[in-house]
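1. I would like the atomic coordinates for the input below:
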Amino acid sequence: MEKNQKKDEAEEEKKRRMRLRGELPPEDEEPEEVWEPMPIRTVLPYKNEDGKTMFIVSSEGKFNGNIYVCAMDEHRPLKAIEIKKDVFVTKMTLTETDKANENILCISYDDGDVELVIDMNFEKKMSVKYHDAHTGSITASVFSGKQANFFLTSGRDGLIYVH
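-> Modelled structure (predicted):
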């Protein structure tokens with residue numbers, strides 16, 4: 001089973017019954033899966049609501065299509081968050097706004113698309129697309145400051161857009 005693949009409930013129930021009958025070893029005695037390393041695309045440190053330093057990672061290969069929330073003192077990601085498939089993250093920026101504890105995460109992609117996430121709520125994303133899909137890979141993005149009235153994106157298409 002691939003790491004990002006959802007477990008089949010019927011298959012899990014079948015395995016549980018086989019373990020009860022002694023046909024399979026207990027789950028904690030099964031060999032641990034080995035993850036082959038994949039190239040890291042971007043890393044973005046931030047502080048969570050408790051003030052703990054965390055970081056978000058995007059990758060290539062079979063781990064593409066997700067970003068991973070990680071903690072400095074953990075060996076594995078804490079959470080995998082599904083993002084756009086079949087494109088690479090080129091840039092991630094995080095801006096704190098003047099509003100109490102509000103953050104805006106900007107995820108930029110190699111197809112020229114940009115997604116904005118407010119307060120790490122990935123259920124509510126806004127997508128902005130102005131750069132060319134073939135030559136518009138986002139190279140930089142920046143917010144106007146704490147007011148976050150606007151933001152700029154630049155791309156390999158040689159253009160800068162004000163949003």
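
2. could you measure from the closest residue to G136 other than its chain neighbours over to V162?
-> Among residues not flanking G136 along the chain, G112 sits closest, at 3.1 Å (C-beta to C-beta, 6 or more residues apart in numbering). The C-beta positions use only the backbone N, C-alpha and C, and glycine is treated the same way. G112 sits 15 Å away from V162, taking C-beta to C-beta, to the nearest Å as the criterion.

3. on the three-state scheme, the spatially most central residue of the chain is what?
-> Among the residues of the chain, the one closest to the centroid is I67, at 1.8 Å (C-alpha atoms, centre = their mean). Following DSSP: H, G, I helix; E, B strand; the rest coil, I67 is assigned to strand.

4. tell me the contacts of it?
-> 56-58, 80-81, 83, 89, 92, 107 (C-beta atoms under 8 Å, 6 or more residues apart in numbering).

5. wait, which of these is closest to S137?
-> Nearest to S137 among these is V89, at 10.6 Å by C-beta to C-beta.

6. that closest one contacts E60, correct?
-> No. Between V89 and E60 there is no contact under C-beta atoms under 8 Å: 9.5 Å.

7. which neighbours do those two share?
-> With C-beta under 8 Å, 6+ apart as the test, V89 and E60 both reach R41.

8. more neighbours: which of the two?
-> V89 (23 against 12; other C-beta atoms under 10 Å).

9. ok, now which ones touch the closest residue to that one other than its chain neighbours?
-> Nearest non-adjacent residue to V89, counting by C-beta to C-beta, 6+ apart: S58, 3.8 Å away. Counting by C-beta under 8 Å, 6+ apart, S58 touches 40-42, 64, 66-68, 83, 88-89, 92.

10. next one: G136
-> 111-112, 130, 155-157, 159.

11. wasn't it part of a helix?
-> No. Judged by three-state DSSP, G136 forms no part of a helix; its state is coil.
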